[in-house]
Structure formats: C-alpha cells, structure tokens
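Undergrad: Mind looking at a prediction? Sequence and model below.
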Amino acid sequence: MRADLGVFFRRLRTALGGEPFPYVWVPEWHPGGHGLHAHFAVGKFVRQSLIRDAWGHGFVSIKLLSDLPVGSGRLEEARKAAGYLSKYVGKSFTDERVRHLKRYDVAEGFQPERVQVWGDSVDEVIGGASRMLGGLAPSQQWFSSEQEGWQGPPALWVQW
C-alpha cells in the first residue's frame, strides 16, 4: 500500500502542476479485515476526477471538510483535517496487526516540526501546549493511567 500511495502522490503532484504540496495519509483496515484503504488530506481542493485518475486502483471518495466558522483560516482548516484523520490513527492503537507500525505519513519535505513542552505536571504541559496553539483547549484526551491493565510506560494523547 505504501508503494501504491507513493506512485499516487507523484501522479497527483504531476497532475497539479508538478510543485510539491503538503499531504498526510492514514491507513485503515476494512471493517471485515480483508484489506487496507487510505484516508488522506491535502491543503487545497482537488477535483475527484484528478484523484481517481492518479489513483487508478478502484473506488475513490472525497469530501470537503466543512462545518468551519465563517472566516476560518488555514490553521482551523488544518485542525479540522487533523481531527478527521486522527480518528483513523486512533483506531489502530488496539489492532495487533499494526500496533508497532507507523500509523501515518506525510509528504516529503513537509514533516511536522518537533516541539517540546515542559512542565511539572500533566496539566502544566497541556496548558503550555494549549497556549502554543492559540489558547485552544484540547478537544480530546487519553491517559494511560485511566486504562485498566495498562502495561506500558505512562502515556497521554491530546487532540486540539
């Protein structure tokens, strides 16, 4: 699947004029477990016919991420796309088939910047990250301490 997606994104880039563009993709197992499909997001509108032609492997479905407040900018749009894709990343945490594999990938040259946030407590760290993200409160949180039988090191996951 990774190789097919590499070919797909090269074809799509060519169809869009050849300039590199940011994208992120997430794999998901079909509900019956018989194969994978991918969800992806790009930072601009792309016609379904271009996506279908670049993919060339079958079914293609697209949707415009909507329900954003009037005047929303690129940051709000990116958060909406990240929220959409993160639900598929989250599904894989309990799936033994992909438990130790990378759960997403991004366009070459567009990898996210690593940012460290320090604090003396979880609340301080989440508060610091929230301030860095414009003061938004997290929309979702997951704590290993709340998971019965958690076997790994202490962990948390937060989504804005």
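TA: In hand now; what should we look at? What you see is a predicted model; the values in this text were computed from it and never measured.
Undergrad: Buried residues, the longest helix belonging to the chain. List them.
TA: Of all the segments of type helix in the chain, defined by DSSP state H, the longest one is helix 74-91. Within helix 74-91, the residues scored as buried using 16 or more other Cβ atoms under 10 Å are 79, 80, 81, 85, 86, 88, 89. No exception for glycine: its C-beta is placed from N, CA and C like everyone else's.
Undergrad: I'd say the last one and residue 103 touch.
TA: Right, residue 89. Yes - if you go by Cβ atoms under 8 Å, residue 89 and residue 103 touch, sitting 4.6 Å apart.
Undergrad: Residues that sit against both of those two, list them.
TA: The contact sets of residue 89 and residue 103 overlap at residue 26 (Cβ atoms under 8 Å, 6 or more residues apart in numbering).
Undergrad: At which residues are the helices of the chain located?
TA: Counting by DSSP H, the helices of the chain are 2-15, 48-55, 74-91, 122-132.
Undergrad: so who does residue 133 touch?
TA: Contact analysis of residue 133 by Cβ under 8 Å, 6+ apart lists residue 160.
Undergrad: If you count contacts, what does the helix or strand of the chain with the lowest mean pLDDT end up packed against?
TA: Lowest on mean pLDDT, DSSP states H and E among the helices and strands of the chain sits helix 74-91, with a mean of 79. Helix 74-91 sits against strand 23-29, strand 36-42, strand 156-159, with contacts defined as 3 or more Cβ pairs under 8 Å, 6 or more residues apart in numbering; DSSP states H and E.
Undergrad: That one relative to strand 36-42, how many degrees between them?
TA: Orientation check (axes from the mean of the first three to the mean of the last three Cα atoms, to 10 degrees): helix 74-91 against strand 36-42 gives 170 degrees.
Undergrad: partners of residue 27 in the sheet?
TA: Here residue 27 shows beta-bridge partners residue 38, assigned using DSSP bridges.
Undergrad: what about the residue minimising distance to the centre of the chain, distance to residue 105?
TA: Nearest to the mean C-alpha position of the chain, by Cα atoms, centre = their mean, lies residue 85 at 3.9 Å. According to Cβ to Cβ, to the nearest Å, residue 85 stands 11 Å off from residue 105.
Undergrad: Ok, residue 31 next?
TA: The gap separating residue 31 from residue 105 is 22 Å, by Cβ to Cβ.
Undergrad: and what of residue 83?
TA: For residue 83, the distance to residue 105 - Cβ to Cβ - is 18 Å.
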